[in-house]
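A.B. asks: quick one: sequence plus predicted model below, questions after.
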Amino acid sequence: MGNLVIKNIGTIFTGDIRQPLVNGPVSLFIEEGKIKAIEQGSDLKGDKVIDASGMTVCPGLIDSHTHPVFGDFTPRQNQLGFIDSSLHGGVTSMISAGEVHLPGRPTDPKGTKALALLAHKSFAKLRPAGVKLYGGALILEKGLVEEDFKELSEDGVWLVGEIGLGSVKAANEAKTMVEWAKKYGMKVLMHVGGTSVPGSSTVTCDDVLIVNPTVACHLNGGPTSIPVSEAKRVIEKTDCAIEIVHCGNPLSALEICNFMKTKGMLNRLIIGNDAPSGTGVIPLGVWRMINFISSLCGIPAEVAVCCATGNTKNVFSLPQGIIKAGDDADLQIIDAPMGSAGKDAKAAIEVGDIPGIAMVIIDGVIKTQVSRNTPPPVRKTV
């Protein structure tokens, strides 16, 4: 694979909320798909050298909430290429919240286990457009027993899909299964809010407090939000990650972000798309949510980016999401889009403009040059 140098970086958004910004000029040295060094100046040599021309480098976005099926196809919207389109929106990783849209999805214990294992193994072998899609999120169905969680964990399955999408709906029933899942190292997602699709259920604040999931999914609604007062209870009375999504209630998202900012809890906030959904396929959905919380909640751009990178890395124990030595080199080179009032990526995001993506890199390999979905960046790589 060799090594890669990105030089003349104007700013790095690290993804680490404890130290989210590095000012340049600075260079990144990448070897065998991993970040090896961050150096001041622009004198590093490599097999391949990219001149960032003073632009910003940030981690590839981690979409914390997707509903894939198999490959790069969504039967929910009968659409091909939605993952490739997300790559052009800066998304380099996706986390499944359950392959719930599979036509004829099995709902018996053997079937739901088989689907989780098949999806896990399929996406481990195939990366659509190069995107790291963590598939195989077990949907909780009546009849599952502790041995099922143990067996799946031994086969590599580590996600439990949104509680509320399967036949297990009562909080006390789900609580027992969540305890089994956590015992075997699984991360547990829980639907919060009104009913999303036929067959799912409304999940309240009290349900979340009983179940204690890893992630309170789309606390701003998927798409219907619980009252904001109840959302605040979830934030204050649990230590779970708090997720907001593009395919949710924007007013609720605004109030949740303002509340978490005031409480100093932004390290728990993560961002997903919740697509494909009834809202559709939104290739720029994660960037739009970053812009939303930065521009409307007064959150610095570099901190808002953490909510879709390093924070998500920490919740799901991923090897990417922060620009630091040892992490996977999943990166974006971004700039102010042409015509923006912002002079650079940071200023553009903070006034509400989606940055222009000049390049997306996964494991140190260039996956796309100028994005077909964002406005063009002011500057260009050389």
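C.D. replies: The structure has been received and is ready for your questions. Numbering: from 1, shown residues only.
A.B. asks: which strand or helix spans the most centrally placed residue in the chain?
C.D. replies: Against the mean C-alpha coordinate of the chain, by CA atoms, centre = their mean, the closest residue is residue 63 at 2.2 Å. Per DSSP states H and E, residue 63 falls inside strand 61-66.
A.B. asks: now that strand, how far from the centre of its chain.
C.D. replies: Counting by CA atoms, centre = their mean, to the nearest Å, strand 61-66 is centred 2 Å from the centre of its parent chain.
A.B. asks: where are the low-confidence patches of the chain?
C.D. replies: Low-confidence segments of the chain (pLDDT under 70): 1, 42, 196-201.
A.B. asks: next helix or strand past the longest helix seen in it?
C.D. replies: The longest helix of the chain (DSSP state H) is helix 109-125. Using DSSP H and E, the helix or strand that follows helix 109-125 in sequence is strand 132-134.
A.B. asks: partners of that following strand in the sheet?
C.D. replies: strand 91-96 (parallel) (DSSP bridges).
A.B. asks: show residues contacting the partner strand.
C.D. replies: With contacts defined as CB atoms under 8 Å, 6 or more residues apart in numbering, strand 91-96 is touched by 59-68, 83, 86, 119, 123, 130-137, 159, 161, 272, 283, 286, 312, 316, 318, 320-321, 330-332, 360, 362, 367. In short, each C-beta sits where N, CA and C put it, glycine included.
A.B. asks: does residue 215 really touch residue 245, like I thought?
C.D. replies: No: with contact defined as CB atoms under 8 Å, residue 215 does not count as touching residue 245 (11.2 Å).
A.B. asks: more crowded one of the two?
C.D. replies: When residue 215 and residue 245 are compared for neighbours, residue 245 comes out ahead with 30 against 27, by other CB atoms under 10 Å.
A.B. asks: contact partners for residue 202?
C.D. replies: Applying CB under 8 Å, 6+ apart, the residues near residue 202 are 164, 193, 194, 195.
A.B. asks: and what of residue 189?
C.D. replies: By CB under 8 Å, 6+ apart, the neighbours of residue 189 are 65, 97-98, 137, 159-163, 213-215, 217.
A.B. asks: circling back to that earlier point, can you redo the contacts of residue 202 as TSV with secondary structure, neighbour count and distance to residue 373?
C.D. replies: As requested, the contacts of residue 202 are exported to TSV (DSSP: H, G, I helix; E, B strand; the rest coil; neighbours: other CB atoms under 10 Å; distance: CB to CB, whole Å):
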residue	secondary structure	neighbour count	distance to residue 373
164	coil	28	31
193	strand	25	28
194	coil	16	30
195	coil	14	31
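A.B. asks: now these as TSV including distance to residue 254?
C.D. replies: Shown next, in TSV, are those (distance: CB to CB, whole Å):
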residue	distance to residue 254
164	24
193	16
194	18
195	23
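A.B. asks: between those residues, which is closest to residue 379?
C.D. replies: residue 193 (41.0 Å; CB to CB).
A.B. asks: wait, isn't that closest one in contact with residue 221?
C.D. replies: Yes: contact criterion CB under 8 Å: residue 193 and residue 221 qualify, at 4.5 Å.
A.B. asks: what sits in contact with each of those two?
C.D. replies: residue 248.
A.B. asks: how close does the residue in the chain sticking out farthest from the centre get to residue 49?
C.D. replies: Most distant from the centre of the chain: residue 43, at 33.5 Å, with distances by CA atoms, centre = their mean. Applying CB to CB, to the nearest Å, the value for residue 43 to residue 49 is 11 Å.
A.B. asks: which neighbours do those two have in common?
C.D. replies: residue 7.
A.B. asks: so what's the nearest residue to residue 306 once chain neighbours are set aside up against?
C.D. replies: Once flanking residues are discounted, residue 306 sits nearest to residue 17: 4.2 Å by CB to CB, 6 or more residues apart in numbering. Residue 17 makes contacts with 266, 267, 303, 306, 310, 311, as judged by CB under 8 Å, 6+ apart.
A.B. asks: again, only this time at 10 Å
C.D. replies: 266-269, 302-303, 305-307, 309-311, 314, 322 (CB atoms under 10 Å, 6 or more residues apart in numbering).
A.B. asks: please identify which of the residues you listed is nearest to residue 145.
C.D. replies: Closest to residue 145, out of all of these and judged by CB to CB, is residue 314, at 31.0 Å.
A.B. asks: which SS class is the closest one?
C.D. replies: helix (DSSP: H, G, I helix; E, B strand; the rest coil).
A.B. asks: quick one: the strands in the stretch 251-382 of the chain?
C.D. replies: 269-272, 331-335, 356-362, 365-368 (DSSP state E, counting those that start in this stretch).
A.B. asks: would you turn those into CSV with mean neighbour count and distance to residue 36?
C.D. replies: What follows is the strands of the stretch 251-382 of the chain, written out as CSV (neighbours: other CB atoms under 10 Å; distance: least, CB to CB, whole Å):
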stretch, mean neighbour count, distance to residue 36
strand 269-272, 29, 27
strand 331-335, 29, 13
strand 356-362, 25, 14
strand 365-368, 17, 15
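A.B. asks: between those strands, which one is nearest to residue 259?
C.D. replies: strand 269-272 (10.3 Å).
A.B. asks: gap between that closest one and the chain center?
C.D. replies: Using CA atoms, centre = their mean, the offset of strand 269-272 from its chain centre is 6 Å.
A.B. asks: that strand - contacts with which helices or strands?
C.D. replies: strand 61-66, strand 91-96, strand 215-217, strand 241-245, helix 250-263, helix 285-297, helix 301-306, helix 310-316 (3 or more CB pairs under 10 Å, 6 or more residues apart in numbering; DSSP states H and E).
A.B. asks: as CSV, could you dump the C-alpha coordinates of the fifth one?
C.D. replies: When you say that, I think you mean helix 250-263. Provided in CSV are the C-alpha atoms of helix 250-263 (Å, rounded to 0.1, in the frame of the first residue of the first chain):
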residue,chain,number,x,y,z
PRO,A,250,-35.6,19.8,13.7
LEU,A,251,-37.0,21.8,16.6
SER,A,252,-36.4,18.9,19.0
ALA,A,253,-32.9,18.6,17.7
LEU,A,254,-32.3,22.3,18.3
GLU,A,255,-33.5,22.1,21.9
ILE,A,256,-31.6,18.9,22.6
CYS,A,257,-28.3,20.4,21.3
ASN,A,258,-28.8,23.7,23.2
PHE,A,259,-29.5,21.7,26.4
MET,A,260,-26.5,19.5,26.1
LYS,A,261,-24.3,22.4,25.2
THR,A,262,-25.5,24.2,28.4
LYS,A,263,-24.9,21.1,30.5
